[in-house]
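Participant: below: sequence and its predicted model.
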Amino acid sequence: MHTDDGGATWKQSDGTAYTLPVADANGEQVFDSGTDLARIVGMGIDSTGKGRFIVGYKFDPNHEQRFVYHNGSAWTSAQMTNAVTQFWGTSYVSGGDVNPADEDEAILSVEVSGRFEMQLWKTADSGATWSLANNITTNSSADNYRPIYVQNGHSELPYFWLQGAYTGDDITGGDWTGYDDTLVLCPLTKDTPSRD
């Protein structure tokens with residue numbers, strides 16, 4: 001849904017005006033996860049003004065990252081990766097984000113040989129298929145997760161992510177207790193992390 005007037009009125013992707021308040025019965029479904037887990041981990045807007053989302057989808061061992069987008073006539077989704085496992089517990093996924101400056105690019109946290117690494121992914125067909133374009137991190141000493149693009153950022157700082165421990169208890173409240181063991185990294189600092 002989107003607004004052209006600061007929130008006074010809201011429209012569906014085809015321009016049809018919503019009757020407010022919007023509820024399940026009159027909302028526009030973007031992605032149907034059925035009974036499986038689905039978490040939006042990254043989002044952006046394409047050149048037509050429609051949303052694009054990276055969704056962590058399904059429970060282990062069939063967990064995957066999907067790209068949800070509007071193909072011009074309907075909302076659809078395409079599998080980006082098999083995430084192999086969820087990042088932690090039953091609720092958290094390692095993350096991904098869509099590039100606000102290039103709608104054909106995304107950064108994903110993907111499990112590689114038991115460690116979560118940052119990867120740059122590209123599409124040449126408006127999101128229907130995706131392929132690995134570049135390994136941003138390799139052979140990391142700790143997990144890399146939750147990447148975020150910097151909107152209107154400097155060319156040397158297009159995105160950042162977290163590296164380190166991600167611990168807690170999602171059963172009793174999802175508290176994340178890894179702050180003391182986490183670094184914020186970017187392309188400029190990824191090769192020289194320090195926890196001092």
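Facilitator: Noted; the coordinates are in hand.

Participant: hey, let's count contacts and neighbours off CA atoms from now on
Facilitator: Will do.

Participant: where does the protein dip in pLDDT?
Facilitator: 60-61, 83-92, 165-186, 188-196 (pLDDT under 70).

Participant: and the strands in it?
Facilitator: Taking DSSP state E to define them, one finds strands in the chain at 38-45, 51-57, 64-70, 75-82, 96-98, 105-112, 115-122, 131-135, 144-149, 159-164, 168-169, 175-176, 182-185.

Participant: tabulate those (CSV), appending mean neighbour count.
Facilitator: Shown next, in CSV, are the strands of the chain (neighbours: other Cα atoms under 10 Å):
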stretch, mean neighbour count
strand 38-45, 20
strand 51-57, 24
strand 64-70, 24
strand 75-82, 18
strand 96-98, 27
strand 105-112, 25
strand 115-122, 21
strand 131-135, 13
strand 144-149, 24
strand 159-164, 21
strand 168-169, 14
strand 175-176, 12
strand 182-185, 18
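
Participant: which of the ones you listed sits closest to residue 28?
Facilitator: With respect to residue 28, and counting by Cα to Cα, the nearest of the strands of the chain is strand 75-82 at 9.4 Å.

Participant: about what we covered before: can you redo the strands of the chain as CSV with distance to residue 8?
Facilitator: Formatted as CSV, the entries for these read as follows, by distance: least, Cα to Cα, whole Å:
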stretch, distance to residue 8
strand 38-45, 20
strand 51-57, 19
strand 64-70, 24
strand 75-82, 25
strand 96-98, 28
strand 105-112, 32
strand 115-122, 36
strand 131-135, 40
strand 144-149, 29
strand 159-164, 33
strand 168-169, 40
strand 175-176, 36
strand 182-185, 38
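
Participant: what's the closest of these to residue 25?
Facilitator: Proximity to residue 25 (Cα to Cα) singles out strand 75-82 among the strands of the chain, at 17.4 Å.

Participant: and that closest one, what other elements does it pack with?
Facilitator: Secondary structure elements in contact with strand 75-82, counted by 3 or more Cα pairs under 8 Å, 6 or more residues apart in numbering; DSSP states H and E, are strand 64-70.
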